[in-house]
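[1] Here is my input; please provide its structure:
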Amino acid sequence: MNSILLRIVVACLLLPCLWMTAGAQAVSFPDLGSAVPGHEGTTYLDLARMVIPDLAGDKEGFYRGSMPVEMRHIEGPDSGGSPPETSGLSNAGVLAVKAGGKDRLAMLFDLGSSSDSAEGFAVLALYDLAGKPRLLDAVNVAVDRSTSFRDPGKLPVGPGDDAIITLSTHFNSSQGYVSTPLLLVRDDRFELIDTIQTFDESLCAYKRTQELAFRTFADGQPYAAIKATVTDATVPNGESCDDPAPEASSQNISVTYHWDGAGYVKNSDALDKLAGENASRF
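    As a prediction, the model looks like this:
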């Protein structure tokens with residue numbers, strides 16, 4: 001094999017890795033009053049006011065406002081709680097993303113919860129900053145009490161497209177509940193690919209953890225395939241307890257999402273079955 005052909009083959013093999021490297025920038029949390037880099041005269045507060053129109057800073061550097069603009073829940077009309085009557089935040093998660101080959105900015109505002117809802121309310125907003133800033137889409141992505149971007153926040157699914165990863169969670173003394181929505185930006189609107197449920201438990205005799213990881217690989221479609229893997233591990237801790245500890249174990253549970261021309265479809269219900277098993281342990 002000559003050197004030119006070898007370079008082409010290596011480049012093709014590394015393409016999914018290159019997408020990952022290109023999307024590795026971390027989520028940032030700038031003060032809302034600070035200027036958006038490269039866009040003089042525009043602050044993050046200006047962008048936030050497209051979601052919460054009366055948002056304003058106080059003397060302590062905290063920002064308060066009332067209700068956000070009306071928006072849909074990412075899981076559909078039967079999901080989601082109502083927003084709190086007043087909103088307060090010091091910053092927001094900010095993430096540069098690619099969508100349809102264009103540069104976009106995503107911001108995530110966790111507004112807390114209303115008095116009549118156990119679920120939080122978190123706004124994921126998408127902006128076009130080319131020219132005069134525009135709000136393209138906004139959705140409620142809260143599926144539990146506290147919501148944020150899941151590190152690293154995005155997953156490249158093509159040279160000009162990113163999937164976005166958020167997570168919602170709550171904890172008690174021995175259990176941690178985590179829901180991870182995986183979203184695609186298409187035609188400048190958020191679409192839900194899937195929500196993955198994981199559950200951690202720390203008891204007297206053992207600890208059981210479920211770690212979620214993603215990777216992508218090209219499969220000849222406009223969007224890369226996405227493989228989600230949960231590593232479900234049980235580790236006894238050697239303590240003397242009333243209940244005997246289970247044996248140490250670890251298993252990987254994977255689902256792959258493929259683009260079928262209209263949306264992502266998954267090749268297995270393995271993660272749904274895991275969620276059902278987890279629910280029986282709540």
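[2] Nearest the middle, which residue of the protein would you pick?
    With distances taken as C-alpha atoms, centre = their mean, the residue of the chain nearest its centroid is Thr166 (1.6 Å).
[3] so which strand or helix has that one?
    strand 161-171 (DSSP states H and E).
[4] Same check on Ile193?
    Per DSSP H and E: strand 189-202 holds Ile193.
[5] Next secondary structure after that strand?
    That would be, after strand 189-202 and using DSSP H and E, strand 206-217.
[6] Report the mean confidence score over the helix or strand that that next one is followed by.
    Counting by DSSP H and E, the next helix or strand C-terminal to strand 206-217 is strand 225-236. Averaged over strand 225-236, pLDDT sits at 97.
[7] strand partners of the helix or strand immediately after strand 225-236 in the chain, parallel vs antiparallel please.
    Counting by DSSP H and E, the next helix or strand C-terminal to strand 225-236 is strand 249-259. Looking at strand 249-259 with DSSP bridges, its partner strands are strand 225-236 (antiparallel), strand 264-266 (antiparallel).
[8] export those to a markdown table and tack on mean neighbour count?
    C-beta here means a position set from N, CA and C on the backbone, and glycine is covered the same way. Shown next, in a markdown table, are those (neighbours: other C-beta atoms under 10 Å):
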| stretch | mean neighbour count |
| --- | --- |
| strand 225-236 | 18 |
| strand 264-266 | 17 |
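[9] Give me the phi and psi for Leu271.
    Main-chain torsions, Leu271, degrees, to the nearest 10: phi -70, psi -30.
[10] Next, the contact list for it, please.
    Residues in contact with Leu271 (C-beta atoms under 8 Å, 6 or more residues apart in numbering) are Asp194, Ile196, Gln197, Ala228, Val230, Ile253, Val255.
[11] again with Leu135
    Leu47, Met50, Val51, Ala125, Leu126, Tyr127.
[12] Would you reformat the residues you listed as a markdown table and include pLDDT and secondary structure?
    Below are those laid out as a markdown table (pLDDT from 0 to 100; DSSP: H, G, I helix; E, B strand; the rest coil):
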| residue | pLDDT | secondary structure |
| --- | --- | --- |
| Leu47 | 97 | helix |
| Met50 | 97 | coil |
| Val51 | 96 | coil |
| Ala125 | 98 | strand |
| Leu126 | 98 | strand |
| Tyr127 | 98 | strand |
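[13] just the buried members of those?
    Neighbour counting with 16 or more other C-beta atoms under 10 Å marks Leu47, Met50, Val51, Ala125, Leu126, Tyr127 as buried within the contacts of Leu135.
[14] residues contacting the spatially closest residue to Gly176 that is not a sequence neighbour?
    Closest residue to Gly176 in three dimensions, ignoring its sequence neighbours and counting by C-beta to C-beta, 6 or more residues apart in numbering: Asp200, at 4.1 Å. Applying C-beta under 8 Å, 6+ apart, one finds that Asp200 lies in contact with Gln175, Gly176, Val178, Lys207, Arg208, Thr209, Gln210.
[15] Kindly report the same for Lys59.
    Applying C-beta under 8 Å, 6+ apart, no residues contact Lys59.
[16] quick one: low-confidence parts of the stretch 51-200 of the chain?
    115-117 (pLDDT under 70).
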